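>>> using only what follows, build the 3D model:
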Amino acid sequence: MRLTPFHPRTSQYCDVYNWSLWQNWLLADMYAPDHIQEYFAIRTACAVFDISPIPKYHILGPDAARFLDRIVTQDVSKCRIGKVLY
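Predicted coordinates for the structure are as follows:
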């Protein structure tokens, strides 16, 4: 079982101790006692979703930018390596 980078800071807020394994990563399913409180918090404040278990890919080669331009909404040619466009 692996712990995500968020785990040390967020595990203390998991009041209901509702955990699950996702691709061998330990994740909190809920932090509040019911979904209504979580829904209200997301709609009125801020939410962070831990997507650490989602696979990441390295796209390489001479046509990598052209390929990525077809599958993402941003113009990849305007991105610098290591920088994110908003």
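>>> so what's the residue positioned nearest the centre of the chain scoring on pLDDT?
Nearest to the geometric centre of the chain sits residue 51, at 2.7 Å (Cα atoms, centre = their mean). We have a pLDDT of 84 for residue 51.
>>> kindly report the same for residue 19.
Per-residue confidence at residue 19 stands at 86 (pLDDT).
>>> check the one 3 residues further on too.
The pLDDT attached to residue 22 in the predicted structure is 86.
>>> residue 53 is in contact with that one, correct?
Yes. Between residue 22 and residue 53 a contact is recorded at 4.6 Å, counting by Cβ atoms under 8 Å. Every C-beta, even on glycine, is put in place using the N, C-alpha and C of the backbone.
>>> what about the longest helix in the protein?
Secondary structure of the chain per DSSP state H: the longest helix is helix 35-44.
>>> what's the mean pLDDT across that helix?
Rounded mean pLDDT across helix 35-44 is 87.
>>> from now on call the first residue 18
Yep, numbering from 18; the last one is helix 52-61 now.
>>> wouldn't residue 40 be in contact with residue 69 here?
No. Residue 40 is not in contact with residue 69 according to Cβ under 8 Å; the separation is 9.3 Å.
>>> these two: which has the busier surroundings?
Applying other Cβ atoms under 10 Å to residue 40 and residue 69 shows that residue 69 carries more neighbours, namely 16 against 10.
>>> OK, contacts around that one?
Residues in contact with residue 69, defined by Cβ atoms under 8 Å, 6 or more residues apart in numbering, are 21-23, 42.
>>> can you do 7 Å?
When contacts are counted by Cβ atoms under 7 Å, 6 or more residues apart in numbering, residue 69 touches 21-22, 42.
>>> nearest to residue 49 among those residues?
Relative to residue 49, the closest of those is residue 21; by Cβ to Cβ it sits at 19.3 Å.
>>> what's around that closest one, how many residues?
For residue 21, using other Cβ under 10 Å, the count is 17.
>>> tell me the spacing between the residue nearest to the centre of the chain and residue 43.
14 Å (Cβ to Cβ, to the nearest Å).
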